[in-house]
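Peer 1: Provided below for reference: sequence and predicted model.
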Amino acid sequence: FNPEHIRNFSIIAHVDHGKSTLADRLIEIGGVKSSLPQQLDNLQVERERGITVKAQCASLRYTYMGQEYLLNLIDTPGHADFTHEVGRSLFLSDGAILLVDATQGVQAQTVSNFYTAFENDLFVLGALNKIDMPNAKVGSCKMEMSKMFDLFDSQITEISAKTGENVEKLLPQVIELVPPPRGNPSADLVAILHDCQYLSSSGNVLLTVLIKEGTLNSRDSVCLLSSGKTFPVREIGVFQPEPLPTSNLSAGQLGYLILKVKDVEDVIIGDTICMPGSIVEPLKTIPKPKPSIFSGVFPDENTDFRSMKESLEKLVRSDTSVSIEADSNQTLGQGWNLGFLGTLHREVFAQRLAQEFGTSIIMTKPSITYRAVLDNNNEIVEFNCAKNMPKCYHVMKWEEPVVETTIIVPGDHLASVISHCMSCRGVQKENSTLGEGRFLLKFNIPLIETVDDFYSTIKKLSSGFATCDFEEAGYWETDLTQVDVLVNGDRVDGLSMIVRSDEIREVSMKTVKNIAKLLPREQYKIIIQCVIGVKVQARAEVKPYRKDVTKDLYGGDKTRAMKLLARQREGKKKLRERATVKIPRAVFRTL
Ligand code: GTP
């Protein structure tokens, strides 16, 4: 294909506004029929949760004004935790279809995705979806879109991705308005490695690539620039959306190549691919995002450490937004500390590890990155677990991360949503009307308040109508303390917590009670304490088994009974002193 006849574009939208359904319709127009309900959500986790997690590509051929075009579309995720994936897709695209559900109007991720496209200098086409629904508000939604995104009425197509109405109008617009990719098919090969997938059946790796310059043939060998290693190509092809082998891929094309790569470290997302021996500059890539949520990850009872290491490394390679560091813990042994972009991202990662690699894990409670400003030269130390917390006598002040939360909410639910944000220590920054009785709120909220159920509470309070988006917004001063957990006097490695000073009592009480529920009873009493230094903040007990040592005694021999009971007490005390309580792994597991 001549690059003039190629278009690379993404479909972007808020969660559930119909991106994958539209992508399926467009693929059908391109002539590919599939029996799968949703062709592009092909991970098990995506089908089970009904969300897109990984951007997926599909190539379709479309004839317009007598000319055949190759259209490469990328279906992107909608949830805020996966915005990095949207950014990566837009980086490969020259245009985007911004989809809005006509029953809901512009929502929080519509706004953030539009700005990502705008910052990437992409041509944005508007599409108003779900016009088949009786409650679609076509006129007002169109007005909202043109006002917020500077689109003319004629640039917004009214469609139903479900029934297919008007969907065929989009492709001619893509061809006319989205610029073709630049690149010369006769130049030396330069391609960007966009994604990777390990093919467990063959042990090969399937790399999604965009050819920037040159042509790649199926019999070539390629060099992965970062490692400098050369690999013979096993297969190349395009996504339809299933991989379809072709004999070559040329400048402007989005496709795949299969290589046999033994060391997972050789595959680096964003790497430049070229011909062996050619001298090329590495291509620009988008920077790795900074993770905000951290969890310790350890093999569970049935998982072998080595095989878990291999699976984990493979999955981390294909999801560049996850950070990984070695970690260890007395009870759980060797493991890793992983960083994620949000709680959904964290849950999806664990689910993918189990489903795609058959690896079951123990994931510890999520934590975030705090900062300590030290008294020597205002040095700033970042930490996300209690064991790395600096000693308080060196600390001038503690700081916690804050996120700017954008919420779009109907007027009926405005008051309850505002009061929930306030109760989460939020500070209101903006409250503006969007028309149709809807409001756009901006709050700065400490990140930790949003980690558990902030989003689901906002949904509940607004009967499902409010939507949220988060963005980093710096740090606030706070007051933090390290709280340790003792079980029969022994500190349990891995259970120490970073706690805000005004929450110490509440958190300590909850923690000791929860642990007490999970510890099995022993012959002796088990005492669980939360402590700061040596000062006990909360205490709970697990009662011992009781054996009636006096049951064989005759009638009223009181002194003998007393002696037996005293001996039993003494024995249990000795046992308690000598025995170390085995902490069940479940205590650490929160998923
Ligand atoms: P995420 O990837 O999770 O962000 O979702 P998405 O934007 O890809 O949405 P998806 O295509 O999964 O559609 C969400 C729901 O809306 C599904 O139940 C679709 O059947 C439904 N849907 C999509 N388009 C239309 C439409 O035009 N009309 C109607 N009535 N329903 C639609």
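Peer 2: Great, that's in hand. As the structure is a prediction and not an experimental result, all values here were calculated from the model. Numbers count the residues shown, from 1 in each chain.
Peer 1: ranges for the strands of the stretch 151-300 of the chain?
Peer 2: With DSSP state E, counting those that start in this stretch as the criterion, the stretch 151-300 of the chain has strands at 156-158, 190-199, 204-213, 215-217, 221-224, 229-232, 235-239, 243-245, 248-250, 254-259, 272-274, 293-299.
Peer 1: wait, what's in contact with Arg219?
Peer 2: Under the criterion of Cβ atoms under 8 Å, 6 or more residues apart in numbering, the neighbours of Arg219 are Val233. C-beta here means a position set from N, CA and C on the backbone, and glycine is covered the same way.
Peer 1: and it, what's its pLDDT?
Peer 2: Taken from the predicted model, the pLDDT recorded for Arg219 is 92.
Peer 1: likewise Val427?
Peer 2: The predicted structure scores Val427 at 97 on the pLDDT scale.
Peer 1: how about Gln351?
Peer 2: Predicted confidence (pLDDT) for Gln351: 88.
Peer 1: just Pro37 next, same as before
Peer 2: Here, the pLDDT recorded for Pro37 equals 48.
Peer 1: cool, Leu519 as well?
Peer 2: pLDDT, Leu519: 86.
Peer 1: now do the same contact list for the residue in the stretch 101-250 of the chain positioned nearest to the ligand.
Peer 2: Closest approach between the stretch 101-250 of the chain and the ligand, counting by Cβ to the nearest ligand atom: Lys162, at 3.4 Å. Lys162 is in contact with 18, 21, 130, 132, counting by Cβ under 8 Å, 6+ apart.
Peer 1: secondary structure element for the residue nearest the centre of the chain?
Peer 2: For the chain, His345 is the residue whose C-alpha lies nearest the centre (Cα atoms, centre = their mean; 2.1 Å). Using DSSP states H and E, His345 falls within helix 343-357.
Peer 1: ranges for the helices of this protein?
Peer 2: Read by DSSP state H, the chain holds these helices, from start to end of the chain: 19-29, 44-49, 83-92, 108-119, 138-149, 170-177, 305-318, 343-357, 414-423, 447-451, 454-461, 504-518, 558-578.
Peer 1: quick one: contacts for Ile583?
Peer 2: Contact analysis of Ile583 by Cβ under 8 Å, 6+ apart lists 331, 487, 492, 495, 519.
Peer 1: any idea which of these is closest to the ligand?
Peer 2: Leu495 (35.5 Å).
Peer 1: just give me the neighbour total for the closest one.
Peer 2: Using other Cβ atoms under 10 Å, Leu495 has 23 other residues around it.
Peer 1: and what of the one 3 residues further on?
Peer 2: Ile498 is surrounded by 20 other residues when neighbours are defined as other Cβ under 10 Å.
Peer 1: what separates it from Asn431, distance-wise?
Peer 2: Spatial separation of Ile498 from Asn431 under the definition Cβ to Cβ, to the nearest Å is 33 Å.
Peer 1: so what's the residue nearest to Gly126 when sequence neighbours are not counted up against?
Peer 2: Here the nearest residue to Gly126 in space, its sequence neighbours aside, is Ile156; by Cβ to Cβ, 6 or more residues apart in numbering that works out to 3.6 Å. When the contact criterion is Cβ under 8 Å, 6+ apart, the partners of Ile156 are 126-128, 142, 145-146.
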